[in-house]
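Colleague: coords please:
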Amino acid sequence: MKKISALLFGLLISSATFAQVAGGTYQLEGSGPITTDQCGLLNENVTINLTTGVNAGVDCDGERIAISACHTAGRTVARQVDRPTPVGCGVPDPTTGETVACTGTERVTATGASMATATTLAGTVTPEYPGELCSAAAAAATAAEQ
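Modeller: Sure thing, here's the model as predicted:
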């Protein structure tokens, strides 16, 4: 009985360790699942439902989950947009835990698709402008940068 208990305890420890390190970046060109095997921070498998023309990317690591999405028919011409200054304000620094204060906005010229992006660290959806056309790869890259 002690051997079986030890074996089960070992399996639980190894699966918990796997859950903590499971992560990666995933591209979604349509609706699809993100599983607990792919992202250890999830309590259960989730399906991300995307409408036609929407591409998304999910990035998961041991500290946060980030998702970014764009629409293939969205605006891509150069335009003036406001973004928070400094870049990254309101997001806790992963090493120190300190949050950079948002001191205002600055007007910049953006090109390419607008990527609606959110992370479990910031808790809000913000537009990002990576300067690329909308694709699942661009959305995944934008999510990974957050």
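Colleague: please count neighbours and contacts with C-alpha atoms only from this point.
Modeller: OK.
Colleague: tell me which residues touch residue 93, please.
Modeller: By C-alpha atoms under 8 Å, 6 or more residues apart in numbering, the contact set of residue 93 is 99-100.
Colleague: and it, its phi and psi?
Modeller: phi -70, psi 130 (degrees, to the nearest 10).
Colleague: can you tell me the closest non-neighbouring residue to residue 27?
Modeller: The spatially closest residue to residue 27, leaving aside those adjacent along the chain, is residue 57, at 4.6 Å (C-alpha to C-alpha, 6 or more residues apart in numbering).
Colleague: report all helices and strands that the helix or strand that neighbour falls within contacts.
Modeller: Using DSSP states H and E, residue 57 sits in strand 54-60. Packed against strand 54-60 by the contact rule (3 or more C-alpha pairs under 8 Å, 6 or more residues apart in numbering; DSSP states H and E) you find strand 24-28, strand 65-71, helix 136-145.
Colleague: quick one: buried residues of the last one?
Modeller: By neighbour count, and taking 16 or more other C-alpha atoms under 10 Å as the criterion, the buried residues in helix 136-145 are 136-144.
Colleague: the second one now?
Modeller: Along strand 65-71, these residues count as buried under the neighbour rule (16+ other C-alpha under 10 Å): 65-71.
Colleague: for residue 34, see how far away the residue nearest the centre of the chain is.
Modeller: Nearest to the mean C-alpha position of the chain, by C-alpha atoms, centre = their mean, lies residue 66 at 1.5 Å. With distances taken as C-alpha to C-alpha, to the nearest Å, residue 66 is found 12 Å from residue 34.
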